[in-house]
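>>> Next comes the sequence, and after it the predicted model I'd like to discuss.
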Amino acid sequence: MADEMPRADEVTNLTPEEVAAGMKAGKMLLVDVREPNEIAVEAYPDAVVVPLSAFDPAAIPDPQGKQVVFACRSGRRSITASVAAQDAGYPYTAHMAGGIIAWKAAGLPTRT
């Protein structure tokens, strides 16, 4: 699925387990690019929200040395966000493959 996306090869795929561990260790900043209506239903704990519909990588808080990782519902919009951030000159090359669907399948918690 993600392989069909243009420039997907420019984005590093991380698993939900890798992202959860990185967040817990204080090494990753998760940026949720889903829309407010989606986040109102279910959200990643401790993620920063920067919706793709009005995406501006400058709106991402200073990661203070953490790796920025984009996430969405299934992993498609997060690739788009990473490519857009790279095009704007940011070194944000990672996304969480599978999105919140994979996050929940891995048994990780969400906020409702």
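Structure's in. What do you need? Predicted, not measured: the structure shown is a model, and the values here were computed from it.

>>> can you tell me the helix or strand for R77?
helix 76-87 (DSSP states H and E).

>>> what residues does that helix touch?
For helix 76-87, contacts defined as CB atoms under 8 Å, 6 or more residues apart in numbering pick out 1-2, 5-8, 10-11, 31, 33-34, 50, 52, 55, 57, 60, 68, 70-72, 92-96, 99. Where C-beta positions appear, they are placed from N, C-alpha and C, glycine not excepted.

>>> And stretch 104-112, by the same measure?
T15, P16, E17, A20, V41, E42, A43, Y44, P45, G98, I100, W103.

>>> Out of the residues you listed, which sit inside helices?
P16, E17, A20, V41, I100, W103 (DSSP state H).

>>> Dihedrals phi and psi, the residue nearest to the second one when sequence neighbours are not counted?
For E17, the nearest residue in space outside its immediate sequence neighbours is A106; the separation is 5.7 Å by CB to CB, 6 or more residues apart in numbering. Backbone dihedrals for A106, given as degrees, to the nearest 10, come out at phi -80, psi 0.

>>> Centroid-nearest residue for the chain?
The residue lying closest to the centre of the chain (CA atoms, centre = their mean) is F70, at 1.7 Å.

>>> Kindly state the pLDDT recorded for the closest residue to that residue other than its chain neighbours?
Once flanking residues are discounted, F70 sits nearest to S78: 3.8 Å by CB to CB, 6+ apart. Per-residue pLDDT puts S78 at 98.

>>> Okay, now the unreliable bits of this protein?
1-4 (pLDDT under 70).

>>> Which parts of the chain are strands?
12-14, 28-32, 48-49, 67-71, 94-96 (DSSP state E).

>>> what lines up beside the first one in the sheet?
So the one you mean is strand 12-14. strand 94-96 (parallel) (DSSP bridges).
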